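Chemist: predicted model, plus sequence, below.
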Amino acid sequence: MKPAHAVKHTPGRMNKTEARYADRLAILKAAGEIEEWWFEPMAFRLGVRFTYRPDFLVQYPDGTLEFVEVKAWWRGAGRVGWREDARSKWKGAAEMWPIFRWKATWERNGSWEEEVYGGA
């Protein structure tokens, strides 16, 4: 069950958390720390009728490609973090396509935290 304050996502449109992360990416691009970024560039098939669409694809100057999942940080049901079904899709994609770098990030107390899983 989603927490009452979960961020609603409409495919193809950034929610507030994703928009804040896009602002961060624009700053990193202007500083030359990343080459380019795209919002929801593709979907990965993880199984029959089961897909996963990362929020961002980021290209670094050395050519490294990183898929980024942006999550709202929430507290509820005795847990802190992001939903296990979302984490499972993210990890499943990382295991199926290890040639990419995979990162999940969330904003908490004014700063971005991250978790990296598998990948290059």
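Modeler: That came through, no problem.
Chemist: only C-alpha atoms for contact and neighbour calcs from this point on.
Modeler: Fine.
Chemist: centroid-nearest residue for the protein?
Modeler: Among the residues of the chain, the one closest to the centroid is residue 69, at 0.8 Å (CA atoms, centre = their mean).
Chemist: how about the helices in this protein?
Modeler: 16-30, 84-96 (DSSP state H).
Chemist: hey, what's the residue nearest to the centre of the chain bridged with?
Modeler: residue 104 (DSSP bridges).
Chemist: and if you look at residue 65?
Modeler: Listed by DSSP bridges, the beta-bridge partners for residue 65 are residue 59.
Chemist: and it, what does it touch?
Modeler: Listed by CA atoms under 8 Å, 6 or more residues apart in numbering, the contact set of residue 65 reads 57, 58, 59, 100, 101.
Chemist: and residue 25, by the same measure?
Modeler: Contacts of residue 25 (CA under 8 Å, 6+ apart): 34, 37.
Chemist: hang on, the earlier thing: out of the contacts of residue 65, flag the one nearest to residue 12.
Modeler: residue 57 (13.8 Å; CA to CA).
Chemist: surely the closest one and residue 43 touch.
Modeler: No - applying CA atoms under 8 Å, one finds residue 57 not in contact with residue 43, separated by 11.2 Å.
Chemist: the helices of the chain: lowest mean pLDDT?
Modeler: Among those, helix 84-96 carries the lowest mean pLDDT, at a mean of 87.
Chemist: name the residues of it that are buried.
Modeler: Within helix 84-96, the residues scored as buried using 16 or more other CA atoms under 10 Å are 89, 90, 91, 93, 94.
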